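[1] coordinates for the following, if possible.
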Amino acid sequence: MSGKALDVLIVEDEMLLAIELEYLVEEVGCHALGCAMSADEAVDLAARLRPDLALIDVHLSDGPTGIDVARRIHEDCGGTALFMTANVKRLPEDFAGACGVIGKPYSEHGVKTALAYLACCLTEGRAPGLPPVGLTLAPRYAQLWGLDQPLSKSA
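    Here you go, the predicted model:
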């Protein structure tokens, strides 16, 4: 990954998963800002730390509040959210402003390739190609990052 390392907030109420995600974030060259286990904690941390990317589970310790967290981080903090959830079908059509989703269970390799891909998208403003297996982009972000048109011959 070139340029500035992305600052990543982890919003996950299962401590072992949060620790694993923190490790994977660091492994791919991003900076883990911290972990939140509830909606209020996540929004507070996002407002204070201004992450570039927030990895968000839909079902947190205070209920299925991850969708609201993603929307608030997107709208109030200007950050980009990525859902990491077993509840993919619960996501609204607009992905609550999130850039996409990785369904659980996920693999270490899948998370790392998705993070590297998204780091490129967020820093370059365009996709380096099609998303890796396991990452589903929200239609709005696919269009924003140039995937609604054929990839250029140089891609």
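[2] show me the contact partners of the longest helix along the chain.
    Ranked by number of residues, the top helix in the chain under DSSP state H is helix 108-124. Contacting residues not belonging to helix 108-124 are listed as 1-6, 8, 20-21, 24-25, 27-30, 52-53, 80, 82, 84, 99-100, 102, 127-128, 131-135, 141, 145 [CB atoms under 8 Å, 6 or more residues apart in numbering]. Glycine gets a C-beta too; all of them are placed from N, C-alpha and C.
[3] narrow those residues to just the buried residues.
    Among the contacts of helix 108-124, those classed as buried by neighbour count (16 or more other CB atoms under 10 Å) are 5-6, 8, 21, 24-25, 28, 30, 52-53, 80, 82, 84, 99-100, 102, 127, 131-132, 135, 141, 145.
[4] got the buried residues for the longest helix of the chain?
    110-122.
[5] go on, stretch 75-82?
    77, 79-82.
[6] can you check stretch 93-105 too?
    Neighbour-count burial for stretch 93-105, counted by 16+ other CB under 10 Å, picks out 95-103.
[7] list just the nearest of those to Ala47.
    Proximity of these to Ala47 (CB to CB) peaks at Gly97, which lies at 15.5 Å.
[8] please, where are all the helices along this protein?
    15-27, 39-49, 66-72, 108-124, 139-144.
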